[in-house]
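Trainee: Next comes the sequence, and after it the predicted model I'd like to discuss.
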Amino acid sequence: MQWNEITTLEEWNAILEKSSERGQVILKHSTTCPVSSNALSEFESYLKKTPNSDVDYTLVKVIESRPVSNKIAEDLNVKHESPQIIYVKDQAKYWTASHWAVTSAHITAVLD
């Protein structure tokens with residue numbers, strides 16, 4: 001399974017809407033941060049195993065897609081952090097973790 005990158009507010013709005021039918025996992029990633037690089041590796045490691053197939057996986061680059069990153073924080077009422085993983089269900093934050101807490105083991109514990 002793979003993640004899809006979003007870059008527009010329209011794509012984010014569609015994901016938020018879709019979360020009413022199907023879980024959505026968003027990884028907010030900074031392309032300039034080593035901690036974020038580690039979180040992306042952990043995210044991809046989870047996806048290479050047997051990820052929850054009832055969930056869609058999305059990546060948002062926080063620098064390149066700042067308006068999308070800010071809108072996610074606003075819509076879900078979560079403080080912006082990077083890296084940050086957010087599990088969205090029914091158009092609301094169900095779970096979030098940031099920095100070194102974004103691990104394959106942590107993702108597995110929440111999603112599986």
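Mentor: Great, that's in hand.
Trainee: Run a quick neighbour tally on residue 64.
Mentor: 13 (other C-beta atoms under 10 Å). No exception for glycine: its C-beta is placed from N, CA and C like everyone else's.
Trainee: May I have the secondary structure class of it?
Mentor: Under DSSP: H, G, I helix; E, B strand; the rest coil, residue 64 falls in the coil class.
Trainee: For it, give me phi and psi.
Mentor: Phi and psi for residue 64, reported as degrees, to the nearest 10, are phi -70, psi -30.
Trainee: Surely it is in contact with residue 31?
Mentor: Yes - counting by C-beta atoms under 8 Å, residue 31 is a contact partner of residue 64 at 7.0 Å.
Trainee: Can you tell me the centre-most residue of this structure?
Mentor: The residue lying closest to the centre of the chain (C-alpha atoms, centre = their mean) is residue 26, at 1.6 Å.
Trainee: Now the helix or strand where that one lies: average pLDDT?
Mentor: Secondary structure from DSSP states H and E places residue 26 in strand 23-29. Here strand 23-29 scores 98 as its mean pLDDT.
Trainee: how far does that strand sit from the chain's center?
Mentor: Per C-alpha atoms, centre = their mean, to the nearest Å, the displacement of strand 23-29 from the mean C-alpha position of its chain is 1 Å.
Trainee: quick one: contacts of the helix or strand just after it?
Mentor: Later in the chain than strand 23-29, the nearest helix or strand by DSSP H and E is helix 34-48. Helix 34-48 is touched from outside by 1-3, 27, 29-30, 57, 59, 82-83, 85, 99-100, 102-104, 107-108, 111, with contacts defined as C-beta atoms under 8 Å, 6 or more residues apart in numbering.
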